[in-house]
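Asker: this one's sequence-less:
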Ligand SMILES: O=C(O)C(=O)C[C@]1(C(=O)O)C=C[C@@H](O)C=C1
């Protein structure tokens, strides 16, 4: 993009949880850059480098912090303006394509839910471009956690007994299945592209085979629906994790990986050479021997043949650290393909746990020792 201020996309329409995640990420960026205080790092973060994410769309600014009085501030205005410029996309692949083509600078997409697990469509769409030429590769540069609260919404005046179908996103429905079985057993599920898309169809009188939507409270507001029931999620603590995706390189050809913060994670996709006993163990050993903890691991079909899988995973630590770098080199030797999807700050800011024998210093000492022997 050539304009000064970045433009973001999200899985839309307005009122999705993904839009809420984008708002949360923009607010966090503004707080971080306004505060401009770097956390102490165990992973090579350097007090002179910009805060994580500042090299991504969102950009550093010297604007004031939000006021404690609650009065609107310049920071609030900037977030509101960024949201105003943001673009809804009907599907995750469409949103990622817009980043690749330069139509937007970054997009927020759902990747993992605490009840339903990985969002397969996102994992597959991210991986689809990861083996592509460098100029169309994508990079994860940040994450956001959003607590999920569902409502049942319908056109004003709709009565419960008139509801024979309920529209929602495929990841939302399993999170309310118990409530539906107890409260609307007659209703069948109708899949929609997002929770807010179901609400929008009702508002537009375009819903086919459903009279109510499972969506965020915000979507019911945006589309002028009546809320028939609140807090209908089966798990009150449900959380969805979203990631901000940009192009791997900016217009000047610089890599966009944000600087280490000391509380980073790295997302990878690994391919085995051939299915054989201990194949996955061989990949995971690369992390274990370097004291690297994993926070997500799932297998996804490669689509090439029955039983052919790759592994999508998140590990603790930043690619700039010695231990993660060494693990990636180890993987490069033993795996058929290693796809790096990004290193970025954890939303919960939990510091990476580094033991003395896996610290950057320990790796540097060992290398110096070997060098002296050779
Ligand atoms: O449909 C939405 O509102 C979304 O933002 C998508 C999505 C998802 O893909 O998991 C996000 C959070 C909820 O868990 C359900 C749906």
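Answerer: That came in fine, so what should we check first? None of these values were measured; they are calculated from a predicted model.

Asker: show the backbone phi and psi for the closest residue to residue 215 other than its chain neighbours.
Answerer: Sequence neighbours aside, residue 195 is the residue nearest to residue 215 in space, at 4.0 Å (criterion: C-beta to C-beta, 6 or more residues apart in numbering). Every C-beta, even on glycine, is put in place using the N, C-alpha and C of the backbone. Phi and psi for residue 195, reported as degrees, to the nearest 10, are phi -70, psi -40.

Asker: what about the closest residue in space to residue 118 that isn't next to it in sequence, which helix or strand?
Answerer: In this structure, residue 118 finds its nearest non-sequential neighbour in residue 298, 4.9 Å apart by C-beta to C-beta, 6+ apart. For residue 298, the host element (DSSP states H and E) is strand 294-301.

Asker: likewise for residue 240?
Answerer: Following DSSP H and E, the helix or strand that holds residue 240 is strand 239-247.

Asker: just residue 214 next, same as before
Answerer: strand 212-215.

Asker: what's that strand in contact with?
Answerer: Residues from elsewhere that reach strand 212-215 (C-beta atoms under 8 Å, 6 or more residues apart in numbering): 15, 150-154, 158, 163, 165-168, 172-173, 176, 184, 187, 192, 195-196, 198-199, 201-202, 207, 219-220, 225, 228, 232.

Asker: on that earlier part again, so what angle separates the directions of the strand holding residue 298 and strand 239-247?
Answerer: Angle, strand 294-301 to strand 239-247, by axes from the mean of the first three to the mean of the last three C-alpha atoms, to 10 degrees: 70 degrees.

Asker: quick one: buried residues of strand 294-301?
Answerer: 296-297 (16 or more other C-beta atoms under 10 Å).

Asker: paired strands for it, with orientation please.
Answerer: Its sheet considered, strand 294-301 pairs with strand 309-316 (antiparallel) by DSSP bridges.

Asker: can you give me the offset of the partner strand from its chain's centre?
Answerer: Chain-centre distance of strand 309-316: 14 Å, with C-alpha atoms, centre = their mean, to the nearest Å.

Asker: what of stretch 14-26?
Answerer: 11 Å.

Asker: re the thing from before, hmm, the strand holding residue 214 touching the ligand?
Answerer: No - residues of strand 212-215 contacting the ligand under C-beta under 6 Å from any ligand atom: none, with a closest distance of 6.7 Å.

Asker: can you give me phi and psi for residue 352?
Answerer: Backbone torsions of residue 352, given as degrees, to the nearest 10, read phi -70, psi 130.

Asker: how about stretch 188-206, does it reach the ligand?
Answerer: Yes - judged by C-beta under 6 Å from any ligand atom, stretch 188-206 comes into contact with the ligand through 194-196.

Asker: quick one: end-to-end distance for stretch 342-352.
Answerer: Stretch 342-352 has an end-to-end distance of 16 Å (C-alpha to C-alpha, to the nearest Å).

Asker: same question for it, mean pLDDT?
Answerer: Here stretch 342-352 scores 95 as its mean pLDDT.

Asker: need the contact list for the spatially most central residue of the chain.
Answerer: Nearest to the mean C-alpha position of the chain, counting by C-alpha atoms, centre = their mean, stands residue 243 at 1.9 Å. Applying C-beta under 8 Å, 6+ apart to residue 243 gives the contacts 108-109, 111, 122, 140, 142-144, 267, 344.

Asker: run the last query once more with 6 Å
Answerer: Contact analysis of residue 243 by C-beta atoms under 6 Å, 6 or more residues apart in numbering lists 111, 140, 143.

Asker: for the stretch 1-150 of the chain, what spans make up the strands?
Answerer: 8-11, 87-89, 106-113, 117-118, 138-147 (DSSP state E, counting those that start in this stretch).

Asker: close to the ligand, is the third one?
Answerer: Yes - when contact is scored as C-beta under 6 Å from any ligand atom, part of strand 106-113 falls within range of the ligand: 110, 113.

Asker: now for that strand, which elements pack on it?
Answerer: Packed against strand 106-113 by the contact rule (3 or more C-beta pairs under 6 Å, 6 or more residues apart in numbering; DSSP states H and E) you find strand 8-11, helix 17-35, helix 92-101, strand 239-247.

Asker: equivalent analysis for the first one, please.
Answerer: Helices and strands touching strand 8-11, as assessed by 3+ C-beta pairs under 6 Å, 6+ apart, comprise helix 17-35, helix 92-101, strand 106-113.

Asker: what strands line up against the last one, and which way round?
Answerer: Yep, that's strand 106-113 we're talking about. Checking strand 106-113 against DSSP bridges gives partners strand 8-11 (parallel), strand 117-118 (antiparallel), strand 239-247 (antiparallel).

Asker: near the ligand, which residues of this structure are found?
Answerer: 11, 16-18, 110, 113, 119, 148, 169, 171-172, 194-196, 216, 240.

Asker: how far does stretch 213-221 stretch from start to finish?
Answerer: 13 Å.

Asker: report the distance from it to the chain centre.
Answerer: 21 Å.

Asker: buried ones in it, by neighbour count?
Answerer: Neighbour-count burial for stretch 213-221 [16+ other C-beta under 10 Å]: 213-216, 218-220.

Asker: quick one: average confidence on that stretch?
Answerer: Across stretch 213-221, the per-residue pLDDT values average to 98.

Asker: do stretch 161-172 as well
Answerer: 97.

Asker: show me where pLDDT drops low in the chain?
Answerer: Scanning the chain for pLDDT under 70 picks out 1-3, 36-74, 133, 135.

Asker: show me it divided up by domain.
Answerer: 8-146+242-247, 151-229, 264-373 (automatic domain parsing).
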